[in-house]
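**Student:** Okay, predicted coordinates and the sequence, questions at the end:
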Amino acid sequence: MNEIDYSLNSLIKQYGGFGKIIKSSDFILSFICALLFLIYIKFFAGADAGNFTKDLASDLLNISASLFGILFAAFAIILSLSDEKFMKFLRKHNVLDKILLPFWFVSILYIITIGFNILVKFFPPDIAKYLMVFSIFIFSWALFGTVYLVNDTISFARRRADYLEYENEILEISKEESHKK
């Protein structure tokens, strides 16, 4: 039996690799946010920057944990709205993997953000303010990724509606294609 690789690494390769991820708009916007935060704490925050970052780490920890939970709920809703025929249809046309990767990747980013913000709380304020630059980068990447997930979810709903409208025709064409092979 031919085994299918469902790992994150395999999905990233199907997406176009890490190069495509680094060139994505959500990655670039996140980098800009982190850079702006670094400029702020370096030149404008003053002596209170360390305490500010500790408070910010707590806030980002709470927000990340909440968004992580909402993300899983959205994914569960999408899966519950799908039937076996529709999932096979999406898989056949390489759409399912394009929907799964962002959910998986953004979930991992939120987990990294949660862990990193917990760690930041244990560092002295002078070090924590520079560690927060990385935390801001990962958090904003996950947040922008979540915005794109909303778009993917809407796209999924539209595909589902189209599929339901033309289900009989799609099944008939699929049967004809399998008879040709």
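**Tutor:** Happy to help now that I have it. Numbering: from 1, shown residues only.
**Student:** List the buried residues of stretch 40-47.
**Tutor:** 41, 45 (16 or more other CB atoms under 10 Å). No exception for glycine: its C-beta is placed from N, CA and C like everyone else's.
**Student:** So for the protein, the centremost residue is which one?
**Tutor:** The centroid of the chain falls nearest to residue 106 when counting by CA atoms, centre = their mean (2.2 Å).
**Student:** and residue 56, how many neighbours does it have?
**Tutor:** When counting by other CB atoms under 10 Å, one arrives at 21 neighbours for residue 56.
**Student:** excluding its backbone neighbours, what's nearest it?
**Tutor:** residue 132 (6.2 Å; CB to CB, 6 or more residues apart in numbering).
**Student:** what's around the one you found, how many residues?
**Tutor:** Residues lying near residue 132 (other CB under 10 Å) number 27.
**Student:** what residues are up against it?
**Tutor:** Taking CB atoms under 8 Å, 6 or more residues apart in numbering, we find residue 132 in contact with 37, 41, 53, 56, 57, 120.
**Student:** That one sits in which helix or strand?
**Tutor:** helix 125-165 (DSSP states H and E).
**Student:** and the next element down the chain from that helix?
**Tutor:** Counting by DSSP H and E, what follows helix 125-165 is helix 167-180.
**Student:** Outside of that next one itself, list whatever touches it.
**Tutor:** With CB under 8 Å, 6+ apart, helix 167-180 has contacts from 85, 89, 92, 163.
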